[in-house]
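Visitor: My questions concern the predicted model and sequence given below.
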Amino acid sequence: MKITSNRYTNVEVDARIALHALVAAAHHPRSVATYGTYAGNDAANRAIPHGLGAVPTMVFICNTLGYDYIYRIVRGFGLIYWQSDTPGMGTRLVTQVDDTNFYVGDGVNHTQSANASAGGTTYAWATMG
């Protein structure tokens, strides 16, 4: 069953709330947070520089072409947790986040590992240290 709120699905609402909170945190003078975008390229274990200078506690990623997938990476695990609005959820194995980069693309399923290039897919991300 697909539940909607106004005109957005639950996944879209979750993605918008999380990105808004993380972007707001990045602008707070005592917070350690960064954000940005990248275009998917189907590469495995692609490094995305996060600019924190420390290992992030969490990285939140969403597909900007409709928010049909949201992703999170938690410090200490080399996994991307994904959730889609189809519905579905799971994990994909990638290189563990470090003090310079987080990693996307598992070489098997680019959509579920946040690095698909189909249709010009772009991803927005935010991270907190």
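Guide: Looks like it arrived, so ask away.
Visitor: can you give me the strands for this protein?
Guide: Secondary structure of the chain by DSSP state E: the strands cover 4-5, 8-9, 33-39, 46-49, 58-63, 69-74, 79-84, 88-93, 101-104, 122-128.
Visitor: With residue 111 as the reference, name the closest of those strands.
Guide: Of all the strands of the chain, it is strand 69-74 that lies closest to residue 111, at 6.6 Å by C-beta to C-beta. Any C-beta I mention is one placed from the backbone N, CA and C, and that applies to glycine too.
Visitor: which residue packs closest to residue 39, ignoring adjacent ones?
Guide: Nearest in space to residue 39, with sequence neighbours left out and distances taken as C-beta to C-beta, 6 or more residues apart in numbering, is residue 122 at 5.3 Å.
Visitor: mind checking how far the one you found is from residue 116?
Guide: Residue 122 sits 10 Å away from residue 116, going by C-beta to C-beta, to the nearest Å.
Visitor: Then residue 96?
Guide: For residue 96, the distance to residue 116 (C-beta to C-beta) stands at 21 Å.
Visitor: again with residue 61
Guide: Applying C-beta to C-beta, the value for residue 61 to residue 116 is 12 Å.
Visitor: For the strands of the chain, give me TSV that also has mean pLDDT and mean neighbour count.
Guide: TSV is the format used below for the strands of the chain (pLDDT from 0 to 100; neighbours: other C-beta atoms under 10 Å):
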stretch	mean pLDDT	mean neighbour count
strand 4-5	36	10
strand 8-9	46	16
strand 33-39	89	16
strand 46-49	96	17
strand 58-63	89	23
strand 69-74	88	21
strand 79-84	90	19
strand 88-93	90	14
strand 101-104	95	24
strand 122-128	89	21
